[in-house]
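Colleague: Show me the folded form of this:
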Amino acid sequence: DAPNNRTSGFRFFRENAGGEQRFKLNIGTGAGESWFDGGDAADVIPDTDDWHHFAFTISADYAAVYIDGQVVKDGAFDGVDWTGCDILSIMSGAPRFTGWSHLSDQSYMDELRIFNRALSQSEIQEIIVTESGGSIGYTPKYDGETFYLGFDNGEFQEMVSGQMMTVVGSPGFAGEGKVGGNAYAGATDSYLTFPLDGLAGNEFSAAFWMKINAMPDRAGILVVGPPDPDNPGAENVRTSGFRFFRENAGGLQRFKLNAGNGTADSWFDGGTNADVEPDTGEWDHFAFTISGSECVVYINGEVAAQGAFDGIDWTDCDMISIMSGAPHFTGWSHFSDLSYMDELRLFNKALTQEEVNQIIADEM
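Modeller: Prediction:
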């Protein structure tokens, strides 16, 4: 027998790919099937004695495959159909998926968990952290602190959750830091992203240090925004999320905040109060806060811009970009920032000026 009916249920399996093993997901939709094959991105070297983590999620309209916490293939589909399905086979395609010789897997397997919902990427990464030994030993220092990037361990690792950042391009490390021995070093077409899950709320704050370069003379720094499918490569929908960025101002760099309330956007531009001289070799501290009634931008602990605000809307926002406007705020050429960044902290509350200055004092 060689059963191979793929119009219902699912099949997660592996195959040779030039000496590596390629992992694929096939799902039946009732009338047909959908394939999720990540190509080279889904290849893993076998026989290394290292453990790898695999996950896949299926919802009514979307499926994704993850290897070691990173998406290797995802896409839309019409939803799974379970007609005629009565068993789950573990570590073999038998008895229902053997038509292409996907028989028993002689690998080791551990910690198999099955869920009745589609996990988010951050949830998958949390499972990996927990099963790799749990907490990485960082306890948030400040009230409301939800995220911390210190860069000292030579990895782009968020310390509260232990999750690794998604790295785009080739950002580096500065070999020096405002605190500790390292910091983020920007590079062209390079930045970090992180899932927004657990970070977005009615209030939000960010605080960090930068050693500012002069060129490029405009760049995105922290951006949470929705996709703009009508303008690929030049996205600029500003009705939700926020955008913190810098632009040339007569040879200085002016720092601005833009935030969306769901129907429109609001600007927090302090003019000359928000200007900083680049290329001085000095570290400058930046913070901004968002609440249901106002936004405030701080530079070196002083208010640079402040104004009333109706409250932030997070519609269609799913990630934060760090040190670039890409991918969702590039319509005005706010691409990668080549400056250094250190001690990035995010909060689920609107920090007071006193709290901002306490962070500065602690990190001096």
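Colleague: for the stretch 201-350 of the chain, what are the low-confidence residue spans?
Modeller: By pLDDT under 70, the stretch 201-350 of the chain contains no weakly predicted segment.
Colleague: quick one, strands of it?
Modeller: 204-211, 218-224, 242-249, 252-260, 265-269, 275-276, 284-290, 294-299, 302-308, 319-322, 340-347 (DSSP state E, counting those that start in this stretch).
Colleague: quick one: the fourth one to strand 284-290, angle?
Modeller: An angle of 20 degrees separates the directions of strand 252-260 and strand 284-290 when computed by axes from the mean of the first three to the mean of the last three CA atoms, to 10 degrees.
Colleague: Strand 252-260 packs against which elements?
Modeller: With contacts taken as 3 or more CB pairs under 8 Å, 6 or more residues apart in numbering; DSSP states H and E, strand 252-260 sits against strand 242-249, strand 265-269, strand 275-276, strand 284-290, strand 294-299, strand 302-308. Any C-beta I mention is one placed from the backbone N, CA and C, and that applies to glycine too.
Colleague: out of those strands, which comes closest to residue 168?
Modeller: Taking CB to CB, strand 242-249 is the member of those nearest to residue 168, at 17.1 Å.
Colleague: I'd like to know which elements the closest one is packed against.
Modeller: With contacts taken as 3+ CB pairs under 8 Å, 6+ apart, strand 242-249 sits against strand 218-224, strand 252-260, strand 284-290.
Colleague: can you list those in JSON lines and add distance to residue 349 and mean neighbour count?
Modeller: Shown next, in JSON lines, are the helices and strands packed on strand 242-249 (distance: least, CB to CB, whole Å; neighbours: other CB atoms under 10 Å):
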{"stretch": "strand 218-224", "distance to residue 349": "17", "mean neighbour count": "24"}
{"stretch": "strand 252-260", "distance to residue 349": "16", "mean neighbour count": "23"}
{"stretch": "strand 284-290", "distance to residue 349": "8", "mean neighbour count": "24"}
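Colleague: Please produce CSV containing the ones you listed, extended by distance to residue 74.
Modeller: Formatted as CSV, the helices and strands packed on strand 242-249 follow (distance: least, CB to CB, whole Å):
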stretch, distance to residue 74
strand 218-224, 20
strand 252-260, 26
strand 284-290, 30
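Colleague: what secondary structure does the nearest residue to residue 108 once chain neighbours are set aside sit in?
Modeller: In space, residue 108 comes closest to residue 51 once its chain neighbours are excluded; the distance is 8.0 Å by CB to CB, 6 or more residues apart in numbering. Following DSSP: H, G, I helix; E, B strand; the rest coil, residue 51 is assigned to coil.
Colleague: ok, residue 51 touching residue 110?
Modeller: Yes - between residue 51 and residue 110 there is a contact at 7.4 Å, judged by CB atoms under 8 Å.
Colleague: Counting neighbours, go ahead and name the busier of these two.
Modeller: residue 51 (12 against 7; other CB atoms under 10 Å).
Colleague: Could you tell me what pLDDT the model assigned to that one?
Modeller: Model confidence at residue 51, expressed as pLDDT, equals 89.
Colleague: how is this protein carved up into domains?
Modeller: Per automatic domain parsing, the domain ranges recorded for the chain read 10-131, 145-363.
Colleague: what about residue 125, which SS state?
Modeller: Three-state call for residue 125 (three-state DSSP): helix.
Colleague: Can you give me every residue that contacts it?
Modeller: Residues near residue 125 by CB atoms under 8 Å, 6 or more residues apart in numbering: 69, 161, 162, 163, 164.
Colleague: where does the fourth one land on pLDDT?
Modeller: The reference is to residue 163. For residue 163, pLDDT reads 86.
Colleague: what's the burial count for it?
Modeller: Neighbour count for residue 163, taken as other CB under 10 Å: 22.
Colleague: Could you do the last one as well?
Modeller: Other residues near residue 164 number 18, with proximity taken as other CB under 10 Å.
Colleague: next one: phi and psi at the spatially closest residue to it that is not a sequence neighbour?
Modeller: Nearest residue to residue 164, sequence neighbours excluded (CB to CB, 6+ apart): residue 157, at 5.5 Å. When read as degrees, to the nearest 10, the backbone of residue 157 gives phi -120, psi 130.
Colleague: Next: residue 129.
Modeller: phi -60, psi -50.
Colleague: Next up, the contacts around residue 77.
Modeller: Taking CB under 8 Å, 6+ apart, we find residue 77 in contact with 27, 29, 34, 61, 62, 63.
Colleague: pLDDT at the second one, what is it?
Modeller: The predicted structure scores residue 29 at 97 on the pLDDT scale.
Colleague: wait, what's in contact with it?
Modeller: If a contact means CB under 8 Å, 6+ apart, then residue 29 has 7, 77, 78, 79, 80, 81 as its contacts.
Colleague: In JSON lines, list these along with pLDDT.
Modeller: JSON lines is the format used below for these (pLDDT from 0 to 100):
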{"residue": "7", "pLDDT": "97"}
{"residue": "77", "pLDDT": "95"}
{"residue": "78", "pLDDT": "93"}
{"residue": "79", "pLDDT": "95"}
{"residue": "80", "pLDDT": "97"}
{"residue": "81", "pLDDT": "97"}
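Colleague: hey, what's residue 25 bridged with?
Modeller: Bridge pairing for residue 25 (DSSP bridges) gives the partners residue 12, residue 36.
Colleague: swap in residue 173?
Modeller: residue 184.
Colleague: what's near enough to touch the nearest residue to residue 10 once chain neighbours are set aside?
Modeller: Distances taken as CB to CB, 6+ apart put residue 27 closest to residue 10, at 4.7 Å, once the chain neighbours are dropped. Going by CB under 8 Å, 6+ apart, residue 27 touches 9, 10, 11, 33, 34, 36, 58, 63, 77, 80.
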